[in-house]
Structures are given as structure tokens and as C-alpha cells.
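Visitor: sequence and predicted structure are below.
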Amino acid sequence: MQLQPLSSELSVTTQIAVADLAALAARGFRSVINNRPDGEEAGQPGSVALAQAASQAGLEYRHIPVVPGQLQDAQVAAFSAALAEMPAPTLAFCRTGTRSTMLWALQAKGSADAILATAGKAGYDLSALRPRLGDAAHRR
């Protein structure tokens with residue numbers, strides 16, 4: 001599992017396994033956000049199993065599923081609320097980490113250039129989001 005930091009309080013990664021949750025807690029994470037819909041891929045652990053393992057590891061857990069290509073403002077708001085409400089540091093994940101990074105970018109404060117540079121440093125090209133990042137509604 002390769003963790004990509006986006007800030008001091010948030011990292012993203014690819015799909016995690018149930019067994020990874022105890023290791024994440026041992027590494028200092030306090031919260032996990034799952035951005036993957038259940039059943040997206042055969043063999044993928046379900047949200048209920050992940051939530052139970054997170055609880056057993058002492059981690060907070062949220063499931064904010066995003067279907068690829070269907071990112072909605074309500075999901076961005078839910079992600080932002082989760083980051084504000086859950087203890088940091090937080091790990092967000094999906095199949096490749098891209099949807100989690102997109103959710104972060106769309107709620108992040110700062111210039112579009114700075115947000116895109118941070119995502120790029122973590123290995124995610126979010127240049128297609130530039131028009132949405134420039135929207136004043138996302139720059140609170």
C-alpha cells in the first residue's frame with residue numbers, strides 16, 4: 001500500500017484490505033474514508049467489513065462512494081464534512097486514489113495551480129478539474 005500525502009492531515013491510496021486497517025492505526029492514522037462503491041470490482045472488501053475492522057482498530061470510518069465519472073457536489077460536501085468532523089490524520093482511498101484526490105481538490109482552499117501541483121506531486125493529474133477548481137464556490 002503506497003500512501004500519497006496531500007496535506008499533513010490527509011493521505012490517499014489505492015484499495016485497502018480489511019487487514020490493512022490495524023496497520024494504518026499503528027502508523028498513526030485516526031480516520032479512514034472509503035470513496036469506492038461496494039461491488040465495483042470482484043473481491044473488493046465491502047464497506048460493512050471495512051467499517052467493522054476500522055472500529056476494531058480504533059479508527060473512525062466513513063463511506064462516501066463515488067461512481068467513476070459521476071462526482072457530485074454533495075459528495076464533495078460530505079468529504080469536506082468528514083475531514084472537519086473526523087480526527088486527523090485521515091486516509092482516503094478508492095480503486096486508484098484518483099477519486100479521493102478529486103474530492104480533496106474540490107474542497108481544498110487555495111489556488112487552482114497550488115491544488116493541481118499538490119495532486120501532481122502525489123501522482124495524480126487533475127488538470128481536467130481546472131474549470132471546477134476556478135469556481136469561487138469551491139474556494140470558500
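Guide: Right, received. Where do you want to start? Numbering: from 1, shown residues only.

Visitor: helices or strands next to the helix ranked longest in the chain in the packing?
Guide: Longest helix of the chain, by residue count under DSSP state H: helix 73-85. Judged by 3 or more C-beta pairs under 8 Å, 6 or more residues apart in numbering; DSSP states H and E, helix 73-85 is in contact with strand 31-34, strand 90-93, helix 98-107. To be clear about C-beta, it is placed using only N, CA and C from the backbone, and glycine gets the same treatment.

Visitor: run through the residues that contact S8.
Guide: By C-beta atoms under 8 Å, 6 or more residues apart in numbering, the residues touching S8 are A88, P89.

Visitor: need the pLDDT of it.
Guide: On the pLDDT scale, S8 is placed at 95.

Visitor: got it, and D135?
Guide: Reported pLDDT for D135: 64.

Visitor: just the residues contacting the worst-scoring helix or strand of the chain on mean pLDDT, thanks.
Guide: Within the chain, no helix or strand scores below helix 130-133, which has a mean of 92 by mean pLDDT, DSSP states H and E. By C-beta under 8 Å, 6+ apart, the list of residues contacting helix 130-133 from outside reads A105, L106, A112, I115, L116, L126, H138.

Visitor: and it, which residues are buried?
Guide: R132, L133 (16 or more other C-beta atoms under 10 Å).

Visitor: ok, now stretch 72-82?
Guide: Across stretch 72-82, burial judged by 16+ other C-beta under 10 Å covers Q75, V76, A78, F79, S80, A82.

Visitor: what about L50, is that helix, strand or coil?
Guide: Three-state call for L50 (DSSP: H, G, I helix; E, B strand; the rest coil): helix.

Visitor: who touches it in this structure?
Guide: By C-beta under 8 Å, 6+ apart, the residues touching L50 are I16, V18, L21, V32, N34, Y61, H63.
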